[in-house]
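Trainee: okay, structure incoming, though there's no sequence with it:
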Ligand SMILES: [Zn+2]
């Protein structure tokens, strides 16, 4: 999953794009009351990345200082790191890992070899999975043991891509006009390559993190029957057990024609559920219509659904999201955002924001008709009418709760509402009682470094926690009790989101900056 971005706004002076005051992320109540204050992080490059700005101050002219600042703000990696990260990226793109004809194990093996070559111990590089094509890789970089491990996850599988639909071969790594093209350049072999590169760099320099860093490259996030994260949790929990999880499959810099707009962190997700609505009827000759008709019953129910809205609800993440968006959005929208944050929320503001599909989906569970199928002949009364209703459920609610709500909304016992699972099985019984996990706390030990490094690399760009309206492998790690955050330093223009689409691509500079970001971020999170 890669969260297609979001709002088409963000005018306003860049000076408003601020990090939260420190401590803001800890207790929820405090966070909600947290006031805006300008507390810019010093832009200072670390020793790893070139000149130290404060030293420059004494020795260089103002012009040179400015140059050093710009270079540091752009992010820098050396040629050897560029080559390493390119080689890994290319290797991954050129291994077809689609569910249909690809092989995830081949990609796992290739990355395992790189770790062994970088002198990771054999016992710290494991390949395991339920079948020959869907093996996962789990690598461990040992730390000082001061804290419980951090788990990094990334999926190796990619969505299908056909040569005839693309301008280039989707399984060739092509550099063209400042972009890397290929299936997985956005979702998410770039992230996989970045994480591999980072751990190899750590190993080479002998960096000892303050905790073990476990890294899992996995199968079947995009589909298929062998989801690697789920399988590892069920079969080898001890191997990947961690205090928290960083998933590279989301978040990142949203940019507009290359200009950074915001750093998003997906900290929670909605739950996906399909329901089959069906009505049956004895039918008969269409020359003799009866008062009861399967198609009318069904369409009446769908009309009720069209007019129905699930209750307004915010959670820890969407609350902070609106607090921060209110600082950067248009004045009208910002006023509405502040109004919905009040207790009780302003219902007129809720209604106005709900006209926007993204806001609507952020503050409500949504259910929408997506397919319709009815009747068996032009000259017969329909014996059966069916629809699929797709729901995206807010954290804290289950598919069964939503099914019960739909039954109330339709208020027609003739309509059966059945849960459909991700393999298309239809259930006569109650739906799953599984709830989307409640949002994790926005931990200071994650968001502190994230804000600092974002400020260093994209000065003035706000960090905005976000709820993904789709789902990722985070559903498994969150359900296992491991707080999961989707964090990346890749920048994608809001009008260039090509994940799952044709001619998928990623800017070369965006990739390198993502490499640089992740190294800095991971080091900061795992250092004292
Ligand atoms: Zn993905």
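Mentor: Right, received. Where do you want to start? A quick note: this is a predicted structure, and the numbers were derived from the prediction, not measured. Residues are numbered from 1 along each chain as shown.
Trainee: by mean pLDDT, which helix or strand of this structure comes out lowest?
Mentor: In the chain, the helix or strand scored least confidently by mean pLDDT, DSSP states H and E is helix 28-33, which has a mean of 23.
Trainee: and residue 103, backbone torsions?
Mentor: Dihedral pair for residue 103: phi -150, psi 110, per degrees, to the nearest 10.
Trainee: what's around it, how many residues?
Mentor: Applying other CB atoms under 10 Å, we find 19 residues neighbouring residue 103. For glycine as for every other residue, the C-beta is placed from the backbone atoms N, C-alpha and C.
Trainee: from what I see, it and residue 109 are in contact.
Mentor: No. Look at residue 103 against residue 109 with CB atoms under 8 Å: they stay out of range, at 9.3 Å.
Trainee: name the surrounding residues that touch stretch 369-386.
Mentor: 276-290, 293-295, 297-299, 302, 305-306, 387-390 (CB atoms under 8 Å, 6 or more residues apart in numbering).
Trainee: quick check: end-to-end length of that stretch?
Mentor: 11 Å (CA to CA, to the nearest Å).
Trainee: looking at the contacts of stretch 369-386, which are in strands?
Mentor: If you go by DSSP state E, the contacts of stretch 369-386 have 276-280, 284-285, 387-390 in strands.
Trainee: kindly confirm my reading that residue 246 is in a strand.
Mentor: Yes. According to DSSP: H, G, I helix; E, B strand; the rest coil, residue 246 belongs to a strand.
Trainee: which residues touch it?
Mentor: Residue 246 makes contacts with 150-153, 446, 484-487, 522, 525, as judged by CB under 8 Å, 6+ apart.
Trainee: distance check, the residue at minimal distance from the centre of the chain against residue 318.
Mentor: Nearest to the mean C-alpha position of the chain, counting by CA atoms, centre = their mean, stands residue 250 at 3.1 Å. Look at residue 250 and residue 318: by CB to CB, to the nearest Å, they are 16 Å apart.
Trainee: residue 171 too?
Mentor: 38 Å.
Trainee: what's around the residue in the stretch 301-450 of the chain that the ion sits nearest to, how many residues?
Mentor: For the stretch 301-450 of the chain, the residue closest to the ion is residue 422, as judged by CB to the ion, at 15.7 Å. Residue 422 has 12 neighbours, counted by other CB under 10 Å.
Trainee: Three-state assignment for the residue nearest to it when sequence neighbours are not counted, please.
Mentor: Closest residue to residue 422 apart from its sequence neighbours, by CB to CB, 6 or more residues apart in numbering: residue 272 at 7.7 Å. Under three-state DSSP, residue 272 falls in the strand class.
Trainee: could the contacts of residue 246 go into CSV alongside neighbour count, pLDDT and distance to residue 513?
Mentor: Below are the contacts of residue 246 laid out as CSV (neighbours: other CB atoms under 10 Å; pLDDT from 0 to 100; distance: CB to CB, whole Å):
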residue, neighbour count, pLDDT, distance to residue 513
150, 25, 98, 22
151, 26, 98, 24
152, 27, 98, 19
153, 32, 98, 22
446, 23, 95, 20
484, 28, 94, 24
485, 22, 95, 19
486, 28, 95, 18
487, 29, 96, 14
522, 26, 98, 15
525, 23, 97, 18
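Trainee: columns secondary structure and distance to the ion on top of those, output as TSV?
Mentor: Formatted as TSV, the contacts of residue 246 follow (DSSP: H, G, I helix; E, B strand; the rest coil; distance: CB to the ion, whole Å):
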residue	secondary structure	distance to the ion
150	strand	20
151	strand	17
152	strand	14
153	strand	11
446	helix	20
484	strand	14
485	strand	15
486	strand	10
487	coil	14
522	helix	19
525	helix	22
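Trainee: make TSV out of those residues and add distance to residue 497.
Mentor: Below are those laid out as TSV (distance: CB to CB, whole Å):
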residue	distance to residue 497
150	28
151	26
152	23
153	21
446	25
484	22
485	20
486	15
487	18
522	25
525	27
